[in-house]
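Colleague: here is a sequence together with a model predicted from it:
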Amino acid sequence: MNIREAYEEKEFQFLSPYAAHSRNSRGRERQEEPCDIRTIYQRDRDRILHSKSFRRLKDKTQVFLAPQGDHYRNRLTHTLEVSQIARTIAKALALNEDLVEAIALGHDLGHTPFGHAGEEALNQVCPEGFAHFKQSVRVVERLEKDGEGLNLSWEVRDGIRNHRTSGSPSTLEGQVVRLSDKIAYIHHDMDDAQRAGLISEDDIPITLRLQLGETTKERLNTLIHDIVNASEGRDHVTMSAEVGEAMAELRRLMFANVYKNPKAKMEEMKAKEMLKKLYAYYVEHPEKMSEEYLALIRKGERLERVVCDYISGMTDQYSMNRFRELFIPKSWGIY
């Protein structure tokens, strides 16, 4: 018995009967020789962590477009906060923490530059539409490793595909990430919005503060404890009705005061138009894309979809640099 097999055996001793045990995974699309040290989910986590798309998250917008301040969240720090919250809940419920971490680290790999503004722009111009949760799956199945994909397990891909609010993950670990994503973005976006002067604690109704807590730290603690208490010993992950409604009200507050706030969103229209122009340019001039994307076209992928792949993989700064090079005149440099 090697190290991996011994660990898989231990999972049956210390994990919940409702957990996704590594040995019982539905496997990968392409068969591989198992690692002698790492379980299938540990291996998936490592593949995501070492991927190019994961590294690019550090230069992609969370809420505030290309902020100059050092302490605003980006898509990478959001991902890490989701992972931290999800792992805490998973450990408390004796679920598979490795699977939770892999799903959490991979859930936003398909996000565009400029956050949901970029997603909306590509969805408007791409004939097939565009959604970041679908693109995250496409990244791990098709785009990484020069078109080979990461060949992740079925459970990780299912969790990534179903992480949005309306998703329905098949595993309890996926359900943990789905809730943790919402908890993370509500709370760290509020923290950033307070830093930006868009909202204050006084804007939160006193009834919500009394129920959930007076600070971000207290509210996070309340929500995590509620999920653990409501889900312990059950075959699904949930929240109590009262706390779930309170979180929904907090989310509505964020949409009204932050996500749709003109001050926070005043540059979004420019970002959308910029990405639409880049899309039109690369549809007209596909030869200007990187070789790995041209290879997808030669393999029969639809041009418009590959252009979306190319643009959605850009960071905020890279997309602005490409737009500047393509559409902004340069000064004559010869004296």
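Modeller: Okay, I see it.
Colleague: next one: Val307 from Lys272, what distance?
Modeller: Distance of Val307 to Lys272, computed by CB to CB, to the nearest Å: 16 Å. All C-beta atoms are positioned from the backbone trio N, CA, C, and that covers glycine.
Colleague: more neighbours, those two?
Modeller: Comparing Val307 with Lys272 by other CB atoms under 10 Å, the one with more neighbours is Val307, at 24 against 19.
Colleague: contacting residues for the more buried one?
Modeller: 126, 279, 282-283, 286, 289, 293 (CB atoms under 8 Å, 6 or more residues apart in numbering).
Colleague: format these as a markdown table; extra columns: neighbour count, distance to Arg138 and secondary structure.
Modeller: Shown next, in a markdown table, are the contacts of Val307 (neighbours: other CB atoms under 10 Å; distance: CB to CB, whole Å; DSSP: H, G, I helix; E, B strand; the rest coil):
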| residue | neighbour count | distance to Arg138 | secondary structure |
| --- | --- | --- | --- |
| Cys126 | 18 | 12 | coil |
| Tyr279 | 21 | 17 | helix |
| Tyr282 | 22 | 17 | helix |
| Val283 | 15 | 18 | helix |
| Pro286 | 16 | 18 | helix |
| Met289 | 18 | 16 | coil |
| Tyr293 | 20 | 13 | helix |
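Colleague: then Ser83 would be within a helix, right?
Modeller: Yes: under DSSP: H, G, I helix; E, B strand; the rest coil, Ser83 sits within a helix.
Colleague: so how many other residues sit close to it?
Modeller: By other CB under 10 Å, neighbour count at Ser83 equals 23.
Colleague: try Met320
Modeller: Residues near Met320, counting by other CB under 10 Å: 18.
Colleague: ok, Leu208 next?
Modeller: By other CB under 10 Å, neighbour count at Leu208 equals 15.
Colleague: how close does it get to Thr222?
Modeller: 10 Å.
Colleague: and what of Gly110?
Modeller: Distance from Gly110 to Thr222, counting by CB to CB: 31 Å.
Colleague: just want to know which of these two has more residues nearby.
Modeller: Gly110 (25 against 16).
Colleague: so that one is in which element?
Modeller: Using DSSP states H and E, Gly110 sits in no helix or strand.
Colleague: by mean pLDDT, point me to the weakest helix or strand of this structure.
Modeller: helix 262-265 (a mean of 76; mean pLDDT, DSSP states H and E).
Colleague: how about that helix: buried residues?
Modeller: 264-265 (16 or more other CB atoms under 10 Å).
Colleague: now do stretch 320-331
Modeller: Neighbour-count burial for stretch 320-331 [16+ other CB under 10 Å]: 320, 322-323.
Colleague: save those residues as a markdown table, and put in distance to Glu97 and secondary structure too.
Modeller: As requested, the buried residues of stretch 320-331 are exported to a markdown table (distance: CB to CB, whole Å; DSSP: H, G, I helix; E, B strand; the rest coil):
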| residue | distance to Glu97 | secondary structure |
| --- | --- | --- |
| Met320 | 38 | helix |
| Arg322 | 39 | helix |
| Phe323 | 41 | helix |
